[in-house]
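K.L.:
below: sequence and its predicted model.
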There are 2 protein chains.
Amino acid sequence: MILKPTESELEIMQILWECGPLTVRKVNDLLNQQRRVGYTTTLKIMQIMAEKELLTRDTEHRSHVYTPTLQSEEVQSTILDHVLKTVFKGSRSNLVMQALGNHSVAKEEMEEIRLLIKKMEDKEDGIL
Amino acid sequence: MILKPTESELEIMQILWECGPLTVRKVNDLLNQQRRVGYTTTLKIMQIMAEKELLTRDTEHRSHVYTPTLQSEEVQSTILDHVLKTVFKGSRSNLVMQALGNHSVAKEEMEEIRLLIKKMEDKEDGIL
DNA sequence: TAAAAATTACGAAATCTTTCGTATGTAATT
DNA sequence: AATTACATACGAAAGATTTCGTAATTTTTA
């Protein structure tokens, strides 16, 4: 992904990742459960996203149906890399420490993380 | 911190955290090692930051000297919380997994993280 | 001391994003 | 068939951020 999505674009992608391909109407309804926003506003942003190819749309039926072109993991990774670079001067461990420090994480999730780390240490023992 | 700093503001804060209290001239010189930007642009942004109280300035001498009011950790935490909420639907472990997955981290840093996790598990055994 | 250089203040243009009104057309309802 | 509801397209206003030109002032240099 070249472009970092804007906040509004991200909101819409979240909804589409969660609830599958949707019409503008559906997206706007879900969006309005979070905050008040007009229908044509949502329409406009989704049209722009389609132009940018952040979404594809099926124009077969009267109500177009939109799908995100990127997977959530790709966008998460892009954004996290940007934060890593601009906020943590590239230090991944500082980012992780900040993310974990003084916060509670469910036991199972913590276990998942612990296992991932173990696997990484086994694999890349001593390596950068 | 109430407000998320803009990208430009963040760039400047990074420089000030790294290189201590500086004049606009110094900040602009350092900034120009990364990208081309005019002196008055940097000045303007730093003046706005002072208004917002992201920076304090010593106006004793002709060249004002600016200092960040927030520590880097505070801003890192604020921004990471925002990303957590808007990009990872609040799942801290997903964020951490994404930050670690498929990336290399120096052995010592990894060890640091491992220790932190161990400490957290000991302290909050079984708790949220 | 006069000219040049450096600094702050300020306003406004340029750019990016969000917002929505209006026009237009199609489907559903009466 | 006429009216109402619903959809897209489009342009432009509103808002936020970045950019920089210019004026006014002070310091430095020649």
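P.N.:
It's in.
K.L.:
and chain A, which residues reach DNA strand D?
P.N.:
Within chain A, the positions near DNA strand D by Cβ under 7 Å from any atom of the strand are A:23-25, A:39-40, A:43-44, A:47, A:59, A:62-64. No exception for glycine: its C-beta is placed from N, CA and C like everyone else's.
K.L.:
can you redo these as TSV with neighbour count and distance to residue B:5?
P.N.:
Shown next, in TSV, are the residues of chain A next to DNA strand D (neighbours: other Cβ atoms under 10 Å in any protein chain shown; distance: Cβ to Cβ, whole Å):
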residue	neighbour count	distance to residue B:5
A:23	18	36
A:24	22	33
A:25	12	36
A:39	14	32
A:40	11	31
A:43	16	31
A:44	13	28
A:47	16	30
A:59	9	40
A:62	6	44
A:63	12	40
A:64	16	37
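K.L.:
so which of those residues reach DNA strand C?
P.N.:
A:40, A:43-44, A:62.
K.L.:
quick revisit: now render the residues of chain A next to DNA strand D as TSV, adding pLDDT.
P.N.:
Formatted as TSV, the residues of chain A next to DNA strand D follow (pLDDT from 0 to 100):
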residue	pLDDT
A:23	98
A:24	98
A:25	98
A:39	98
A:40	98
A:43	98
A:44	98
A:47	98
A:59	94
A:62	91
A:63	95
A:64	97
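K.L.:
quick one: low-confidence ranges for chain A?
P.N.:
For chain A, applying pLDDT under 70 flags the ranges A:2, A:123-128.
K.L.:
all helices for it, in order.
P.N.:
Ranges of helices within chain A are A:7-19, A:24-31, A:39-51, A:72-87, A:92-100, A:107-123, based on DSSP state H.
K.L.:
now those helices as CSV including distance to residue B:117?
P.N.:
Compiled in CSV, these are given as follows (distance: least, Cβ to Cβ, whole Å):
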stretch, distance to residue B:117
helix A:7-19, 28
helix A:24-31, 36
helix A:39-51, 38
helix A:72-87, 19
helix A:92-100, 7
helix A:107-123, 6
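K.L.:
can you list the domains in chain A?
P.N.:
Domain ranges of chain A: A:7-68, A:91-128, per automatic domain parsing.
K.L.:
re earlier: need the winner for burial among the helices of chain A.
P.N.:
helix A:92-100 (a mean of 21; mean count of other Cβ atoms under 10 Å in any protein chain shown).
K.L.:
so what secondary structure elements neighbour that one?
P.N.:
Helices and strands touching helix A:92-100, by 3 or more Cβ pairs under 8 Å, 6 or more residues apart in numbering or on different chains; DSSP states H and E, are helix A:72-87, helix B:72-87, helix B:92-100, helix B:107-123.
K.L.:
mind checking which of the ones you listed is nearest residue A:110?
P.N.:
helix B:107-123 (6.0 Å; Cβ to Cβ).
K.L.:
what is the closest one packed up against?
P.N.:
helix A:92-100, helix A:107-123.
K.L.:
and these: which comes nearest residue B:78?
P.N.:
Per Cβ to Cβ, nearest to residue B:78 of the helices and strands packed on helix B:107-123: helix A:92-100, 10.4 Å.
K.L.:
ok, now which ones touch residue A:116?
P.N.:
B:97, B:100-101 (Cβ atoms under 8 Å, 6 or more residues apart in numbering or on different chains).
K.L.:
I'd like these written out as a markdown table, with distance to residue A:85 added.
P.N.:
As requested, the contacts of residue A:116 are arranged in a markdown table below (distance: Cβ to Cβ, whole Å):
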| residue | distance to residue A:85 |
| --- | --- |
| B:97 | 19 |
| B:100 | 16 |
| B:101 | 17 |
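K.L.:
from these, which single one is nearest residue A:93?
P.N.:
Using Cβ to Cβ, the contacts of residue A:116 come closest to residue A:93 at residue B:100, 9.2 Å.
K.L.:
my guess is the closest one meets residue A:95, correct?
P.N.:
No: with contact defined as Cβ atoms under 8 Å, residue B:100 does not count as touching residue A:95 (9.5 Å).
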